[in-house]
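>>> just a sequence and a predicted model for now, questions to come.
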Amino acid sequence: MSRRPLVFAAAAVSLALAAGVTATASLASTASTASSTRSTVRTVADGQHLTVNCDPDATKVHVQCPDVYNPIQNFGYYVGHDEPGVWAYSTIPGSGNNSRWQLTLPKDPAPNPTPGAANYAFENHIAFWFGMNLCASQSFPEQISTCTPDSDSNIVDPKVSDQHAGSAFLELQFYPPGAELFPAGISCDATRWCAAMNVWSYYFNPVTGQGLNTTCRNALGGNELDNFAFVQRNGVPTGPPDPLHSTAATFTNNAQTMLMGQGDHVTITIHDTSDGLTTDVVDHANGQVGTMTASAANGFAQMNYAPDPSTQCTSTPYTYHPMYSTASPLTRATWTAYPYNIAYADETGHFSYCSQVDETSGTCVGQEGAPGNQHPADGDDFFCFGADQTSRIPIAGCTFTNNGFDGTPYLDDWPNGDLNRGTPVMFTSPLTGADYTQNYNQLALAGSQPFVEFGGGQQGCNIFTMTGCTLLPKTDTGTTAPFYPFFYTTREQGCSWGEGTDIPRLTVNDYGKQAEYGSYNTGVWYTGRNGTPFTYASNFLNTFSGNPCPAQVGLQGS
């Protein structure tokens, strides 16, 4: 069978299928080939250029990026990841650029060196985040150079036209205690949580099929690039956020980095200001306040889009502002695989135990899985760390995308009330309005199983024909995964969402567990070559007729 990479465009898929090349096999073979050649991040001097890279490259800081709609065309193989979420919609003016959430951070159990004996937040979440779409004049689709902030005039359906304003996507990411375990180059804290503003842009022209020029891609690691800055008590980044000028200091916390305790109640406000998009984080347990503004004054910038044959690789200081006024299925970044805007999402599916790690290559050379459920390591077992590399919990594991669906997040091993399981992440639905007194009209529960199953090469799943993808995904051995995390409501803080598995006396409604994700999210269009639109269903989506868990107005945490 051919191992030719699949290009994510409708015409390419049709040709591949007509030639007898299955899309899933192409994706699986390229992902497997890529994973066998990657290693961990190298050590760099503080002043040396260091940038985020979505491709696991040993010379860059690897983080989990938003899934682009065409990963094979951009990276050569699938590099996406699992991120189920709660999405919010509202017709209220300002709901697309002004939102407030209440968050209760998970609390870990006591450290236990035996794999599988306890469950820690970093095993469930490499990060979780709160999102919003932003204007970015140099970003995808590169057809027009203007974007009116905070305006629904930017709504253009790719099915109708490719003349959409360029967009970036904010992920306000929260990193769990122990995140310093991951060989990703981002330093956080062994016992406390921290957060960072990630502003992602995609420097790719879907009409011509061109990204940044070869010189610039080689210097920065690709077309999907990030402005990164920790949430700071003084609002000043630890290093340059700009991907062209970022250094090791950018990804290393300092004395001003806001650190939050396990179990703390936190208020998150994401809003536009005259200085740029601002995120404010208040920890009600210790009284600390952190902030970050995506402004030129803080060192945020855009790359200047320049395709081959140019060799230009320059950036321009840029102040990011939200793109839309309201929040609907059409207020989206048209380059992200998942059509979200105001959203919570969990970057799950990134942890699997490993009995023996090669610390030089960062790969698992032993057995994957907890004792009693082990089998030989396979193609998604890399970005691994050994027990001697950890500072708090001496266990070994791997943190790359587990598209084999056989890691700990795909076991019913989430917080369930047992003391060895810790506590779950809990968050309210967002509020909007000038005084944050208005709930969003509708919520949706989104499951990303189709894109990850298809991208990971799971047989039978095809997002173009919208067939064969399953709510409980298939593992890379062909069996059904025993579990997939789901959202449930609680009466905490009036009404809050929890994630994982049911907890006695806490869960109020789990909406049918995995069935809560509904069915294929159809009717989402993307711009292809020569401006030709195409569609696929990257996710399952269950859109409620209203808001099943309205946030309590005036709640500030405790």
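Noted; the coordinates are in hand. Numbers count the residues shown, from 1 in each chain.
>>> which helix or strand contains M292?
M292 belongs to strand 289-293 when elements are defined using DSSP states H and E.
>>> buried stuff in that strand?
Buried residues in strand 289-293, counting neighbours by 16 or more other C-beta atoms under 10 Å, are found at 290-293. (Glycine included, C-beta is placed from N, CA and C.)
>>> then stretch 198-214?
Here stretch 198-214 shows 198-206, 210-213 as buried, counting by 16+ other C-beta under 10 Å.
>>> quick check, nearest of those residues to P322?
Nearest to P322 among the buried residues of stretch 198-214: V199, at 11.4 Å, using C-beta to C-beta.
>>> residues touching that closest one, list them.
134, 168-170, 226-227, 241, 277, 294, 300, 320 (C-beta atoms under 8 Å, 6 or more residues apart in numbering).
>>> burial measure for the residue lying closest to C398 once chain neighbours are set aside, as a count.
Nearest residue to C398 in three dimensions, chain neighbours excluded: C384, at 4.0 Å (C-beta to C-beta, 6 or more residues apart in numbering). For C384, the count of nearby residues is 29 (other C-beta atoms under 10 Å).
>>> tell me the phi and psi of C384?
Backbone geometry at C384, expressed as degrees, to the nearest 10, gives phi -100, psi 150.
>>> do E224 as well
phi -100, psi 110.
>>> the residue nearest to C398 contacts C354, doesn't it?
Yes - the criterion here is C-beta atoms under 8 Å, and C384 meets it with C354 at 5.4 Å.
>>> find residues that contact each of the two.
With C-beta under 8 Å, 6+ apart as the test, C384 and C354 both reach 364, 396-398.
>>> possible to save those residues as a markdown table with pLDDT?
Output for the shared contacts of C384 and C354, formatted as a markdown table (pLDDT from 0 to 100):
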| residue | pLDDT |
| --- | --- |
| C364 | 87 |
| A396 | 83 |
| G397 | 83 |
| C398 | 82 |
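>>> from these, pick the one nearest K159.
C398 (39.7 Å).
>>> ok, how many other residues are close to the closest residue to G166 other than its chain neighbours?
Nearest non-adjacent residue to G166, counting by C-beta to C-beta, 6+ apart: S139, 4.0 Å away. Using other C-beta under 10 Å, S139 has 27 neighbouring residues.
>>> among the contacts of V199, the buried ones, what's the PyMOL command?
To isolate the buried members of the contacts of V199 in PyMOL, using 16+ other C-beta under 10 Å:
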select buried, resi 134+168+169+170+226+227+241+277+294+300+320
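>>> enumerate every residue touching F130.
By C-beta under 8 Å, 6+ apart, the neighbours of F130 are 99, 101, 171-172, 268, 270, 343-344.
>>> kindly recompute the last result at 6 Å.
101, 172, 268, 344 (C-beta atoms under 6 Å, 6 or more residues apart in numbering).
>>> among those residues, who's most crowded?
In the contacts of F130, the most neighbours by other C-beta under 10 Å go to Y344, 28 neighbours.
>>> that residue: what secondary structure?
strand (DSSP: H, G, I helix; E, B strand; the rest coil).
>>> one step back: ok, the residue nearest to C398 to F251 distance?
20 Å (C-beta to C-beta, to the nearest Å).
>>> returning to that earlier point: the contacts of F130 into a markdown table, with extra columns for pLDDT, secondary structure and distance to H49?
Below are these laid out as a markdown table (pLDDT from 0 to 100; DSSP: H, G, I helix; E, B strand; the rest coil; distance: C-beta to C-beta, whole Å):
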| residue | pLDDT | secondary structure | distance to H49 |
| --- | --- | --- | --- |
| W101 | 98 | strand | 34 |
| L172 | 97 | strand | 25 |
| I268 | 98 | strand | 31 |
| Y344 | 98 | strand | 33 |
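>>> including distance to T428, could those go into CSV?
Output for the contacts of F130, formatted as CSV (distance: C-beta to C-beta, whole Å):
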residue, distance to T428
W101, 6
L172, 15
I268, 10
Y344, 10
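>>> and which of these is nearest N420?
Out of the contacts of F130, the member with the shortest distance to N420 (by C-beta to C-beta) is Y344, at 26.1 Å.
>>> ok, back up a step: which members of the contacts of V199 occur in strands, if any?
Of these, the ones assigned to strands by DSSP state E are 134, 168-170, 226-227.
>>> what is the most widely separated pair among those?
Across the ones in strands among the contacts of V199, the two lying at the largest distance from each other (C-beta to C-beta) are L134 and D226, at 12.5 Å.
>>> from what I see, G386 and A396 are in contact.
Yes - counting by C-beta atoms under 6 Å, A396 is a contact partner of G386 at 4.9 Å.
>>> which of those two has more neighbours?
A396 (21 against 17).
>>> that one reaches C354, doesn't it?
Yes - here A396 reaches C354: they are 5.0 Å apart, a contact under C-beta under 6 Å.
>>> re the thing from before, what's the distance between the residue nearest to C398 and Y77?
With C-beta to C-beta as the criterion, C384 and Y77 are 19 Å apart.
>>> from A301, how far off is P409?
35 Å.
>>> no wait, T319
On the measure of C-beta to C-beta, T319 and A301 end up 10 Å apart.
>>> more neighbours: those two, which one.
Between T319 and A301, counting by other C-beta under 10 Å, A301 is the more crowded of the two (24 against 19).
>>> picking up where we left off before, find residues that contact each of G386 and A396.
With C-beta under 6 Å, 6+ apart as the test, G386 and A396 both reach V357.
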